[in-house]
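# Got a predicted structure here, sequence first:
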Amino acid sequence: MPEAVSPTPKTKSNRDNITQYRKNATQVIRLNDKCWLCGEAVDKKLKHPDPMSKSVDHVVPYVESQDHSIDNLRLAHLQCNLSRGKKKADAVRVTPYSRKW
Ligand SMILES: [Zn+2]
């Protein structure tokens, strides 16, 4: 008796991810007025690449979280978003092993 072949679960395609991101990002922009990084209002009329224009930031960077869910997205100024990314890289501090004995 042949076994019924169960349909293999579809893995999420990249396109689905982008669609999900766009959808959630739009929602985040609509629901929020303030930059989550500096707390100042975001003028949604400003357009990229204006440093004060709106942008959507990942709380946990996408490379780490693979998460485009609305919980992982926040409204931020483009400038704040970019400087945060930079800061993060700078924040990787190398702790010297020098100990005073
Ligand atoms: Zn900001």
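Received it, and whenever you're ready, just let me know what you need. Numbers count the residues shown, from 1 in each chain.

# residues of stretch 53-66 that come out buried?
Neighbour-count burial for stretch 53-66, with 16 or more other C-beta atoms under 10 Å as criterion, is recorded at 53-58. From N, CA and C alone the C-beta is placed, and that goes for glycine too.

# what does the chain put close to the ion?
The interface of the chain toward the ion, taken as C-beta under 5 Å from the ion, is made up of 35, 37-38, 77, 80.

# If I follow the layout properly, residue 34 ends up in contact with residue 44?
No - between residue 34 and residue 44 no contact is recorded; they are 11.2 Å apart, counting by C-beta atoms under 8 Å.

# circling back: for the buried residues of stretch 53-66, give me a markdown table that also has pLDDT and secondary structure.
Below are these laid out as a markdown table (pLDDT from 0 to 100; DSSP: H, G, I helix; E, B strand; the rest coil):
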| residue | pLDDT | secondary structure |
| --- | --- | --- |
| 53 | 98 | coil |
| 54 | 98 | strand |
| 55 | 97 | strand |
| 56 | 97 | strand |
| 57 | 96 | strand |
| 58 | 95 | strand |
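
# who are the neighbours in contact with residue 79?
Residue 79 makes contacts with 51-52, as judged by C-beta atoms under 8 Å, 6 or more residues apart in numbering.
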